[in-house]
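In: Sequence first, then the predicted structure:
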Amino acid sequence: MNATVRRLDGPVPLELKDVYAAYHGDISVLNGLNIKVREGIVTGIIGPNGAGKSTALKTFYGFLKVSRGEVRHNGQRINGTKPSDMVGRGVSFVPQNRSLFNDLTVEDNLRLGCWGIRSDKARIQEALERSYEMFPILKDKRHDSAGSMSGGQQRFLELARALVIDPDIIMLDEPTAMLAPKVSRELYDFISGLPEKGVTVVLVDQNVRQCAAVSDYLYVLDLGANRAEGASADFGDDEGLKAMIQEWLDYQID
Amino acid sequence: MSSILLYNALIGGLVFGAIYALIGASLNVMMGVLRVVNFAHGEFVLIGSFLAYSVFSLTGLNPLAALPVVAIAMFFGGVAAYYLLIPRLRYSDDAETSSFLLMFGVSLMLVSSITWIYGADIRPVNFSFDPVNIALLTVEDAYGKGRDGKVLVPTARLVALVINLAIIAAMTWFIYRTLPGKALRGAIMNRDAIQVVGIDIDRLSANAFGLAAALAGVTGVILTLVIPSVDPNGGAPLTLFAFIVIVLGGLGHPIGALLAGMLFGMVEQFSNVLLPQSAAQMVGFVMLVAVVMFKPEGLFGRKVMR
């Protein structure tokens, strides 16, 4: 799906280094996880249910406390950073669960995405215009409540809101879950083009085939630890991995 | 029945309704944003009333002179109370129940403190406006014997109503028209998402707590014009009214609380006029039970499946 060849050895703006993390108590969900997010590419994270994919994103974003290891941003240790500070660091997040404010209008949702620049009205207006240019449907519906839109439109609004103040990195957790195939394809096309717009992407997806197709580099997780990693193009050569992925797919289909 | 009584009920309904609306709306902001069941909300109102009483008794000034001081002091007091108490609830398995118990303790502590400072007696706030009453309109043949009657309303109540409505309008404008207000509503709708857009949920929650405390305190000041006395044990009924208003209006729905407050005030005042005293006291609570049974999301809330 990627038309251009991208560098897989670029700088690492975001990294999980030997990270252990838990939701409650001592039962660790991440067990020494290592992920390097390289600039200018789509980094995919796949794995079976419970592998720790979403947890990895939440840990990157500060929603989960790291009990051991390091989260690093541009080489700086950022363990304990609040989620709200990540936007200021140029990192956006679209979580798996719907994150819109349903009773607010489309434009108000986008304006809240501009919270970090709220005192600069001109910049906000510029950011809104850019969003509307990127997603014309949102301009048509800007006075509608977010909750009144279709599932696909809501997902695009979440993406628009995450991109509204020009992040360097966007993290997407299951962006196509519950969407119609046609909308999913549109979304994947959009995501795969983000690096050309200067946005590095971290993508977690249950849809292994699509995730592999969109991603430049893949991490395979299992039980909160690394199982395999490599350029997506090379993954087809690993018979053992192919068999494992086929096993998940069969399980998902069952 | 004289139509004057009905006019009086209408005005009383507006005056008390606006007070219930403000108490309910402020509690709704706190519960909606923070998920804190503030059982001490009535005492927050009471603090405002007692500060107004202090201003009046020490200076002889109109209790309304206390409004700006109470608003500012209660806001910052609320923010401080938030940081002191609320973040600790995160360590609880059931934060909402724990918040109820915590705030019940705060309520007891505040009543004790007020009693310690002011004593246990009910204190009068004998401030009077000039003129004491205003004749709003004249009703022809008001008593059925060819005599006209005037609808007299205490000036203090009219002033209270006007100020209350102005505060409600300002609060509605803030919540519905400004970005921080929309952030508060956003936090009520989706607390996790508010962090995703880069808003510090702790700071927002502290401000919401401060805002709710300030509004409660301001309501307490206004209340001294409507009921010209302050009672250290007067907080509990106010808390009860606030919860009734929230249930009627819908949790997390600020406008719903405002409308429900007005409705509750009207029903209460008209019941007082139209029904025997003992039955009148029940009507508001019957309405509450009916809403819980037939429209549990509140009259203005939206159904949510959990």
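Out: Great, that's in hand.
In: Neighbours of residue 160, how many?
Out: All of this refers to chain A. Neighbours of residue A:160 under the rule other CB atoms under 10 Å in any protein chain shown: 22. Just so you know, the C-beta spots here come from the backbone N, C-alpha and C atoms, and that holds for glycine as well.
In: if you could check chain B rather than the one you did, that'd help
Out: 24.
In: Same check on the one 3 residues further on?
Out: Counted with other CB under 10 Å, the neighbours of residue B:163 add up to 17.
In: how close does it get to residue A:169?
Out: To residue A:169, residue B:163 is 50 Å away according to CB to CB, to the nearest Å.
In: Let me see the contact set for residue A:7.
Out: With contact set as CB atoms under 8 Å, 6 or more residues apart in numbering or on different chains, residue A:7 has these partners: A:38, A:40-41.
In: got a pLDDT number for the nearest residue to residue A:88 once chain neighbours are set aside?
Out: Leaving aside its chain neighbours, residue A:88 sits nearest to residue A:116 (5.6 Å; criterion: CB to CB, 6 or more residues apart in numbering or on different chains). Reported pLDDT at residue A:116 in the predicted model: 91.
In: Could you verify my assumption that residue A:116 touches residue A:166?
Out: No. At 10.6 Å, residue A:116 and residue A:166 do not qualify as touching, with contact defined as CB atoms under 8 Å.
In: List, one by one, the residues from chain B near chain A.
Out: By the rule CB under 8 Å from any CB of the partner chain, the part of chain B lying against chain A is B:179, B:182-183, B:185-186, B:189-190, B:192-202.
In: how about 10 Å then?
Out: B:93, B:176, B:179-180, B:182-183, B:185-190, B:192-204, B:252-253, B:302 (CB under 10 Å from any CB of the partner chain).
In: among those residues, which ones are buried?
Out: Among the residues of chain B next to chain A, those classed as buried by 16 or more other CB atoms under 10 Å in any protein chain shown are B:179, B:182-183, B:185-190, B:193-201, B:204, B:252-253.
In: SS state for residue 9?
Out: Chain wasn't specified; assuming chain A. Here residue A:9 is recorded as coil under DSSP: H, G, I helix; E, B strand; the rest coil.
In: low-scoring pLDDT stretches of chain B, where are they?
Out: B:1, B:142, B:144, B:302-306 (pLDDT under 70).
In: In it, which residue sits nearest chain A?
Out: Closest contact between chain B and chain A, by CB to the nearest CB, is at residue B:198 (3.1 Å).
In: so who does that residue touch?
Out: By CB atoms under 10 Å, 6 or more residues apart in numbering or on different chains, the contact list for residue B:198 reads A:82-89, A:91-93, A:112-118, A:165.
In: Just the ones of these in strands?
Out: A:91-93 (DSSP state E).
In: Closest to chain B out of these?
Out: Distances from chain B to those, taken as CB to the nearest CB, are shortest for residue A:93 (5.3 Å).
In: Sketch out the strands for chain A, chain order is fine.
Out: With DSSP E as the criterion, chain A has strands at A:14-22, A:28-37, A:42-46, A:66-73, A:76-77, A:91-94, A:169-173, A:200-204, A:217-222, A:225-231.
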